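**Student:** how would this look folded up:
(6 chains)
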Protein chains: 6
Amino acid sequence: MSAGAARDAAHTASTLAEAIPYIRRFTGAVIVVKFGGSTLGAGKQGEGVILDQFAQDIVLMRSVGMLPVVVHGGGPQIGALMERLGKTPEFRDGQRVTDAETLEIARMVLVGKVNREIVGALNVHAPVAVGLSGEDGGFITAVERDPSLGFVGDVESVDPVLLRHLLAEGLVPVVATVAPDASGQAYNINADAVAGAIAESLGARRLIFLTDVSGVRTDPADPASALSRTTAGELEALIDSGAIVGGMIPKARACAKAVRHGVEAGHILDGRVEHSLLLELFTGSGVGTMVVAS
Amino acid sequence: MSAGAARDAAHTASTLAEAIPYIRRFTGAVIVVKFGGSTLGAGKQGEGVILDQFAQDIVLMRSVGMLPVVVHGGGPQIGALMERLGKTPEFRDGQRVTDAETLEIARMVLVGKVNREIVGALNVHAPVAVGLSGEDGGFITAVERDPSLGFVGDVESVDPVLLRHLLAEGLVPVVATVAPDASGQAYNINADAVAGAIAESLGARRLIFLTDVSGVRTDPADPASALSRTTAGELEALIDSGAIVGGMIPKARACAKAVRHGVEAGHILDGRVEHSLLLELFTGSGVGTMVVAS
Amino acid sequence: MSAGAARDAAHTASTLAEAIPYIRRFTGAVIVVKFGGSTLGAGKQGEGVILDQFAQDIVLMRSVGMLPVVVHGGGPQIGALMERLGKTPEFRDGQRVTDAETLEIARMVLVGKVNREIVGALNVHAPVAVGLSGEDGGFITAVERDPSLGFVGDVESVDPVLLRHLLAEGLVPVVATVAPDASGQAYNINADAVAGAIAESLGARRLIFLTDVSGVRTDPADPASALSRTTAGELEALIDSGAIVGGMIPKARACAKAVRHGVEAGHILDGRVEHSLLLELFTGSGVGTMVVAS
Amino acid sequence: MSAGAARDAAHTASTLAEAIPYIRRFTGAVIVVKFGGSTLGAGKQGEGVILDQFAQDIVLMRSVGMLPVVVHGGGPQIGALMERLGKTPEFRDGQRVTDAETLEIARMVLVGKVNREIVGALNVHAPVAVGLSGEDGGFITAVERDPSLGFVGDVESVDPVLLRHLLAEGLVPVVATVAPDASGQAYNINADAVAGAIAESLGARRLIFLTDVSGVRTDPADPASALSRTTAGELEALIDSGAIVGGMIPKARACAKAVRHGVEAGHILDGRVEHSLLLELFTGSGVGTMVVAS
Amino acid sequence: MSAGAARDAAHTASTLAEAIPYIRRFTGAVIVVKFGGSTLGAGKQGEGVILDQFAQDIVLMRSVGMLPVVVHGGGPQIGALMERLGKTPEFRDGQRVTDAETLEIARMVLVGKVNREIVGALNVHAPVAVGLSGEDGGFITAVERDPSLGFVGDVESVDPVLLRHLLAEGLVPVVATVAPDASGQAYNINADAVAGAIAESLGARRLIFLTDVSGVRTDPADPASALSRTTAGELEALIDSGAIVGGMIPKARACAKAVRHGVEAGHILDGRVEHSLLLELFTGSGVGTMVVAS
Amino acid sequence: MSAGAARDAAHTASTLAEAIPYIRRFTGAVIVVKFGGSTLGAGKQGEGVILDQFAQDIVLMRSVGMLPVVVHGGGPQIGALMERLGKTPEFRDGQRVTDAETLEIARMVLVGKVNREIVGALNVHAPVAVGLSGEDGGFITAVERDPSLGFVGDVESVDPVLLRHLLAEGLVPVVATVAPDASGQAYNINADAVAGAIAESLGARRLIFLTDVSGVRTDPADPASALSRTTAGELEALIDSGAIVGGMIPKARACAKAVRHGVEAGHILDGRVEHSLLLELFTGSGVGTMVVAS
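**Tutor:** Okay, here's the model as predicted:
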C-alpha cells in the first residue's frame, strides 16, 4: 500500500469506526422523514436526481435495520393540475379555500401522482415502498379546521397499528396527507403537521424535515446564523420573535411539539445536499439543525 | 307466538341452518371480488346505493372470517377526466393507445379517485380497507403488451406476500390495476385479468365478477338463457362460438383460467341485485353463473 | 328470477344481513347451555327429534366459532332405574334423600347413560363432543348440603382450566352434574346450579336454559305474560312474590346470579321450538326470556 | 453415621443411581396400562388397597414426566348389575351375546361406575385423571364382530389426537372400552385389544397388563416356568401350542401385535405385587414378563 | 420370587416411592454445588474416584431435570504451581497477598487446570459441562478487598443471564472464581462466597457445599455433635461463639446469607460419602447439615 | 459549510453509501477470525494497541449484526512458561513432542492466560466475549495425530450447537484450541486448522486470518507480489510449488479447504494495519488476500 493509499484507508477506517456505533444505535428505530413537494418541484432541472438520492438513502437506512416512514406534500403539483383544469384558487385570510372539487383534485394529485412517484423511486432500489393515505385502514382521523376554508383539516388522531404492521414486514410506508373525519369525509391536511403526529404516535426516534434551506437560522437573511442544535423552547421563542418565518414555521412547530411528546430529536436539513440523511444520522458533525426537548 | 310469527320464525330458522355451513366452509377462504368501474358509473342515479351495499356485504363477509380482496377498474372515470383536460382518445385496432399523459391521468383517477371512493365506502362500516396498486411493494409486475399501444400492460407475475400480510391483519386490500415493469415503468392493466391473476396467486377459494348482467348467457339476447353453473371448457367454447361477447369475454377468460389453476370456482353475478354476494355465497340456490374446472 | 323468487331472495338476503353481525359478535364466545333431563324424557314420543335438533344447533354454533358447553340433568332417568332395581325413593322436607346406593345409581345413569346419549347425538354431526363429570380432573368441587340428605351437594368451586383446554381444541364439553368434595367423596348436584357456576367460572357470554315452557311468565297460568327481557332484580322479585314456581326457580336464580357475576345475559327458552337456539342467538327478535344484570 | 446406617445409605444410594437413568429414559414416554376388572374385583377383601397403590404408582409415573394412559375392563361388575336387574346372560359358541339392554347395562357400569372409581382413586393423589370412552370425540371407531353376538365390537381405528391433547395438558386419560361404529351405534369391546390398539396409535413406549398372575408361563401349572423376557414370535408359538390359555390369550396377542407395530416393549405383570409398576419400569431386574419384537 | 428377593424388591419399591416426589419437586430447580479444591486434592490417593462420583451425581441430577451449577476453588493446586515456579507466598494479617504474577498463576491454575479437570470428568458421562470464569460475558463483577492484599476481590454483583442461557440449553456451568472489576482488572475471589452469590442471583433452590467433614458441628471435636438441620440465626450464633472455625466459616456465612436472600435451603455435606448428593436431595433422612432461613 | 468541509462531507457520504450495502450483506453472517499468538506476542512493544484495536473491530462487527467467532493460538506464550519451568522442548521430525506435562502447560497457557487476555480486551468494550476450549460441551472432538508426538491432535469433528447458542444470545465465542478425543483425553491442536473446521461447521460466510504479513505472495521475498484475490486451486498450486512457506501453509490450506466446503470466502490480512477487519469487510478495495472457491 502506498503512503497515499494508506492515508485514504486510514480516513475510511476512521469514518467507518465512527459511523458504526450510530448505525447500531438506530437499529430498529423509527425515523419519520418529511419530503417536501417543493423539493420534488414541478419540472425543475435536477429534481429527478434529488428524488433518486433521497430514495437511495431511505433504502440504505432500511437496509441497516432502521424503520423509515416517508411523509410528503405536493402543493406545487396540485396547483399545476388546477391550472390545467381552469380552476382558480380562492383564498380567505391568506389560506387556500378547498371546495369539493379542489379536494378531489388534491387527492388525485397527492395519492395518484406524487405518492406514486416516490413509491416508484424507492422501489427501483428495492421493492419496499407501500403508498398510503390517512384513509387506508382509517389510520389518520381528521377534523375540520374552519368551515369557511372547506375541506382543510387538522390531525385529530393517528392509529399507528397499520404503520407498525408494515414496518414489521420490512416495508417503508409513504404517506399522502389526505384523511377522513369520523363520518368518512376526506380532508387535505398540512404535511408537516402529519409528519409530526405520525412521529409522536409511533414513538419515533427521529423526525426529519428535508427542505431547501440549510437549517433553522436566527437571522433568516444570514446563512451563517444557522443553528446546529437547539431546543423546543428556543425554537418557540424564535417563532414568537419572528425570526422564523414562512414554511419553516410549521416544521419548527412540529419539531418542538414532537420532542416534547417523546420523540428523541427533530432535524431540519437541506435536502439538496448529497446524502444529507446519511451525514446527519451517521456522523458526529451533522449537516442541519437538530432539535431536542431541552 | 302467533301462527304467522311461528311461520316466519321457522323460515328464518331454516335460512340460518342452511347458511351456517356455508359460512363455516368459507372461514379463512380468500374471495377475490372484481367490482366494475361501470357499476360505479360516472354520476348515474343509484350508484351510491350500489357501492354502499357492496361495501356492507364485503364487511359482513370479512366479519365472519372470510378474506375478501377487492379489485376495481375505472374506465368511464378515466374518460371523464381526459375529456375535461381536452385530451382526445386515440385508438389502434380497436384498442386505446395509452401515451405517457394518458397513463398519468389513468393512474390519478384509478389510484387517487376510484380507489379512494371504494376504500372510503368500506371504511364507513369498519376501518378495514387499504388501497393498493401493483406498484406498492412492487407486488404486481407488468409487461408491455404492444409497443404501438403505449403503456398498456399485461400481468407478468403477482407476488402475494403483501396481500397475505394485509389479510392476516384483518384488512381488506382494494387494488387499482396499475403496475410497474421490471424497470419501474408503470402500465395500465385490464382489471378482469388482474383479478384473475391475484386469485390464482393467492390460491383463492372464489373469484367473483360483479357486473350489470345476471350471469353468462348462451344467447346474449335472452335473459332466460343465463347459466347457473358451467365449466371452464364450456365457457371457452361459448367464447369461441361467439355466444359470449364484449366485456364478458375477459371475465369469462379469467374465470376459466383461474379454475384451471386451483381456484375452486368463479362467479359472474349481477351486482345490482341487493346483497347478491351474500345470496351467491351463503345459499344453495345462488343468483348468477358459477364456473368450475370440470 | 321471477317476482316471487326475487321476494324470497330479498327475504333470505335480509335474514343473512341481520344474522351475520350476531354470528360475528359471538365468535369466540362461551355459551353454556343447560339441556334438561325432562326434555330428554324417559321414552316419550318425539324425544329423539328434539335431541337431534338440539345437537344440530350446538354443532352449527360450534362451526361458526362459538364455544358451547352443554350441562345436563337426568332426574326422570334416575327414577326409572331406581324403580327397576326396586329401590324406594325416600324424601325429607320435600327433598330426595341420596344414600350411597342411590348415588351410585344416579352416577351410572347420569354419566353412563344420559351423558352418553347426548355425546352420541352430537357426534353423529361432527366428532366434537366429550363427556365429563365434575370428577374428571376434579374440575368441580362439591360440598355437602345437609348430612340428613346424604350425598346431595352444592357447588363449592369450578376450576375452568380443563374446560378451556377442551374448548381450545374445538371440542364441546358435555357435563354430567356429579362432583367430588375435597376428600374425594362424590355428590349429586342440581344441574341448573352447575350450569350457572360453570358459566360464571368461564366468564361465559351467555347462559341458556332449554325448558319445556316459552320463558318466564309473570303469571304462571298465562302464556301471554311471558317476558321477552328482564333483569336480575325483577327476576328475584318474581321469585319472592311467588310468581315463579317449581323447576323455574333454580333456573331463574342461576340466571340472576350469573348476570350479576359477569355473564352478559341469561336466556330461558322453549327447547321444543325448532332451532330455538339459533333464533334466540342470531335474530333480533328472540324466542324466550332474556335476563340482563340491570 | 453408624455402620448399619451407612450400609442402608449405600443401598439406597445405589438404588437411586440405578433408577435415575430409567426415570430419565422414560421422560415423555407414553405408557399404556391395562388395569383389569378382575383385579378391581366385585367386593373382595384388599381390593381397595390394590386400586390405591395402582393409583399412587400412576401418579408417581406422571410426576416424573411419563405419560400414562389407563385402560380398564369391568366384566365382573357388569355381571353383578345384570344379576340385580334379573337379566340372564346368553352365550353363543362360548361368547356372551350382547343385546341392546345388555349394552346399556355394560355402558352404565363401565362408564358410570368402574371408570368413576378409577378416576376417583387417581384424583385423591392429584387431580389429573379424566375418564373417557371411545365415544368421546369419537376417538375409537368400532366395527361389529358378528351379528349373532349383538353389540360386541372390534377396534377398527383409534384417532390419538384427543388423548395427545389430554397428555399434553398433564392429564391421565382413563379409558372405558365402549365405542361407536361409523353410524354412531355403540359397542362393547375387549379391553385388552383396546389397550393394544391405543398403544399402537400413540406410538407408546410400553404396553403393560396388570393381571393376577406373575407373568407368562410356559407351563400354566408351574410358577417357576414364568418367563422374564420373550419375543412376539415365541409368544405366538406358545399360544398356538396351547401353553397360554384363557384370559392370558388376548393379553399375549395384544403384546405381540403391539411390539410388531412400533411399541418398544409389552409387559405382563402381577398387579398384586406392591408397586409392581415402579419395580418393572425403574429397576434392571423387573417383576414380570417383558415382550419385545425379536 | 423368593422371600429374600421379595424383601429386596419391597425395599427397592419403597426407596423409589419415597424418592420420586423429591425428584419431581426438584425438576427445573437450580442447585448450586461448591466442590472444594481440597476435595480434589493435589495428588492424593482416591481423588479420581471422588471426582468421578461427584461427576456422575451431577449428571444424574441433570438427567432428571434439575439444573446444577458447579463452583470450584483450587487453593492447593495454585500453591503447587507457585512452588514449582519458585514463588514464595507472602502473607499480611494472615491473608495471602496476591501480586500480578500470583494472580496470573492463580488464573492459569483455576481456569486452565482445575476447571478443565472438572469439565472433563463431567463430559465423560455426557457432554454437558461448560467451563466459565466471572470474566466470561463479564458475568461476575469484582471489587478490590484491600489495596495491601493486591488482587484479592469480593463479589460486587452477579448477572445471571449467561448462566440462565446455558442452563436453558441443558448445559452445566462450571465456574472458576476469577472475575474482573469495572475497569477490566481481574481478581481472585473466595469460592464459597462466589457460590453463595451465584445461588442468590439465580434464585437457586439449594446451595450445597461438598466438604471433607460430615456437616456443621456444635463441638468441632465431636462428630456426634453434627447438626442435621439448623437455621441462619443459629449458624451465625455458632460462628460468633467460636464453635465454627476455619474453612467452615465462609461456608456457614454463605449459607446463612443465601437462605436469608431467597434460597430455599443450604446444605453442608461430606463429599467423601458415596453419592452424598443423591442421598441428601432424594431421601427424607439426608447425610449432612441442612440450613433454612428460620 | 465551507468548500473544504463540503468536500470532506462528500467523501464521508460516499464512504457511508459504499459501506452500508456491505454492512447489510453481512448482517447475520458468521465471520470466523483467527488471531495469532505471534500477533499477541510475548511482551513486544505495541502489542496492547493491536489487541485493543482488534477487540474494537470485533465489537463493532458484532454491533451491526455480524456474528464473529474468534479462534486463537499461543505458541510463544507456551514456550515462555515451559522455559520458566525448566522444561526442554523435544522435537521429532521437526514437530514438537507434547508429553503430559507439556500438554498441561499448554492448556494452562492457552485457556488460563491467552484466552483470558482476549476475552478481557473484548469485554472492556462490551461484555460479549465468552471463552471456550473444545472441551466445553465437548464441542470439538480431537484425534491423535501420531503416537510418537504425544498429545498433538487433529480435528475429527466440530459440533456447532454450543457456538450457535452463544451467537444467538449476542455473545462472541473466543476459542482456545485444546480438545478431547472420544475417551476424554485432551490434545493440543493447530489453531489455523481449528479456525477452518469451525468456519465449515458453522457454514460461516467468511474465514479471516490476521497475520503479520500483508497477504499471500507469489514471491515470499517481494511484498509487491501480494495477491488481492485468488482461488483455492491457485493457492494449492502455490503451496505445491513452494511459493507459500512456513506458517502461511496451514492458513492457506485452511482457506482452500473452507471455501471448497461452503465458506463464501477466506481472507489473509495484515493484522497490524489499523482497523484492517473493517477495511477488508466494508470497502470494495480490501487490504489483504481474498480466497474464493473458483
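**Student:** sec struct for the residue in the stretch 1-150 of chain A positioned nearest to chain B, please.
**Tutor:** Residue nearest to chain B within the stretch 1-150 of chain A (Cβ to the nearest Cβ): residue A:112, separated by 2.5 Å. From N, CA and C alone the C-beta is placed, and that goes for glycine too. Per DSSP: H, G, I helix; E, B strand; the rest coil, the secondary structure class of residue A:112 is helix.
**Student:** residues touching it, list them.
**Tutor:** B:107-113 (Cβ atoms under 8 Å, 6 or more residues apart in numbering or on different chains).
**Student:** Close to chain B: what parts of chain A are there?
**Tutor:** A:84-85, A:104, A:107-113, A:115-116, A:119-120, A:123-124, A:127-133, A:135-139, A:159, A:162, A:165, A:169, A:171, A:178, A:180, A:184, A:186 (Cβ under 8 Å from any Cβ of the partner chain).
**Student:** Give the buried subset of these as a PyMOL selection command.
**Tutor:** Selection of buried members from these for PyMOL, criterion 16 or more other Cβ atoms under 10 Å in any protein chain shown:
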select buried, chain A and resi 104+107+108+109+110+111+112+113+115+116+119+120+123+124+127+128+129+130+131+132+133+135+136+137+138+139+162+165+169+171+178+180+186
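**Student:** Of the residues of chain A next to chain B, which belong to strands?
**Tutor:** Residues of the residues of chain A next to chain B located in strands (DSSP state E): A:129-133, A:178, A:180, A:186.
**Student:** okay if I get those as a markdown table plus pLDDT and distance to chain E?
**Tutor:** Conversion of these to a markdown table gives the following (pLDDT from 0 to 100; distance: Cβ to the nearest Cβ, whole Å):
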| residue | pLDDT | distance to chain E |
| --- | --- | --- |
| A:129 | 97 | 38 |
| A:130 | 97 | 37 |
| A:131 | 97 | 43 |
| A:132 | 97 | 40 |
| A:133 | 97 | 45 |
| A:178 | 97 | 48 |
| A:180 | 97 | 48 |
| A:186 | 96 | 51 |
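**Student:** Within reach of chain F, which of those residues are there?
**Tutor:** Within these, nothing lies near chain F by Cβ under 8 Å from any Cβ.
**Student:** Nearest to residue F:220, out of those residues: which one, please.
**Tutor:** Nearest to residue F:220 out of these is residue A:129 (Cβ to Cβ; 53.4 Å).
**Student:** Is that closest one bridged to anything, and to what?
**Tutor:** The partner list for residue A:129 in beta bridges (DSSP bridges) reads residue A:172.
**Student:** Could you check how far the spatially closest residue to the residue of the stretch 1-150 of chain A closest to chain B that is not a sequence neighbour is from residue B:186?
**Tutor:** Excluding its sequence neighbours, the residue lying closest to residue A:112 (Cβ to Cβ, 6 or more residues apart in numbering or on different chains) is residue B:112, at 2.5 Å. Distance, residue B:112 to residue B:186, by Cβ to Cβ, to the nearest Å: 13 Å.
**Student:** rewinding a little: quick check, nearest of the ones in strands among the residues of chain A next to chain B to residue F:13?
**Tutor:** Nearest to residue F:13 among these, with distances taken as Cβ to Cβ, is residue A:129, at 22.3 Å.
**Student:** Hmm, residue A:223 and residue A:215 touching each other?
**Tutor:** No: using Cβ atoms under 8 Å, residue A:215 is not in contact with residue A:223, being 9.2 Å away.
**Student:** can you list the residues of chain A near chain F?
**Tutor:** A:1, A:9-17, A:19-21, A:23-24, A:27, A:56-57, A:60, A:63-65, A:214, A:273-275, A:278-279, A:282-283, A:285, A:287.
**Student:** And for residue A:285, the neighbour number?
**Tutor:** 13 (other Cβ atoms under 10 Å in any protein chain shown).
**Student:** And the pLDDT at it?
**Tutor:** Residue A:285 is assigned a pLDDT of 71 by the prediction.
**Student:** show me the contacts for it.
**Tutor:** A:279, F:9.
**Student:** How much space separates it from residue A:21?
**Tutor:** Applying Cβ to Cβ to residue A:285 and residue A:21 gives a distance of 15 Å.
**Student:** Equivalent analysis for residue A:37, please.
**Tutor:** Counting by Cβ to Cβ - residue A:37 and residue A:21 are separated by 35 Å.
**Student:** neighbour-wise, which of those two wins?
**Tutor:** residue A:37 (19 against 15).
**Student:** What are the neighbouring residues in contact with the more buried one?
**Tutor:** Applying Cβ under 8 Å, 6+ apart, the residues contacting residue A:37 are A:72-77, A:114, A:191.
**Student:** Same question for residue A:178.
**Tutor:** A:106-107, A:110-111, A:133-135, A:186-189, B:116.
**Student:** now swap in residue A:120 and tell me
**Tutor:** Residue A:120 neighbours (Cβ under 8 Å, 6+ apart): B:135, B:180, B:184, B:186.
**Student:** Farthest pair within the residues you listed?
**Tutor:** So, those by Cβ to Cβ: farthest apart are B:135 and B:184, at 8.9 Å.
**Student:** Reformat the contacts of residue A:120 as a markdown table; add distance to chain D.
**Tutor:** Output for the contacts of residue A:120, formatted as a markdown table (distance: Cβ to the nearest Cβ, whole Å):
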| residue | distance to chain D |
| --- | --- |
| B:135 | 46 |
| B:180 | 48 |
| B:184 | 51 |
| B:186 | 51 |
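**Student:** can you pull the pLDDT of the residue of the stretch 1-150 of chain A found nearest chain E?
**Tutor:** Residue of the stretch 1-150 of chain A nearest chain E, by Cβ to the nearest Cβ: residue A:24 (18.6 Å). The model reports residue A:24 with a pLDDT of 83.
**Student:** Correct me if wrong: it contacts residue F:62.
**Tutor:** No: in this structure, residue A:24 is not within contact of residue F:62 by Cβ under 8 Å, at 9.0 Å.
**Student:** More neighbours: which of the two?
**Tutor:** residue F:62 (22 against 17).
**Student:** On the three-state scheme, the more buried one is what?
**Tutor:** Residue F:62 is classified as helix under three-state DSSP.
**Student:** check contacts around it.
**Tutor:** Counting by Cβ under 8 Å, 6+ apart, residue F:62 has contacts F:68, F:126, F:128, F:170, F:172.
**Student:** Which strand or helix spans residue A:167?
**Tutor:** helix A:161-168 (DSSP states H and E).
**Student:** Distance from that helix to the middle of the chain?
**Tutor:** Centre-to-centre, helix A:161-168 and its host chain are 18 Å apart (Cα atoms, centre = their mean, to the nearest Å).
**Student:** picking that back up, with the contacts of residue F:62 in mind, which one is nearest to residue D:235?
**Tutor:** residue F:170 (56.9 Å).
**Student:** tell me the angle whichever helix in chain A runs longest makes with helix F:3-25.
**Tutor:** What stands out as the longest helix in chain A, according to DSSP state H, is helix A:3-25. Put simply, helix A:3-25 runs at 60 degrees to helix F:3-25, going by axes from the mean of the first three to the mean of the last three Cα atoms, to 10 degrees.
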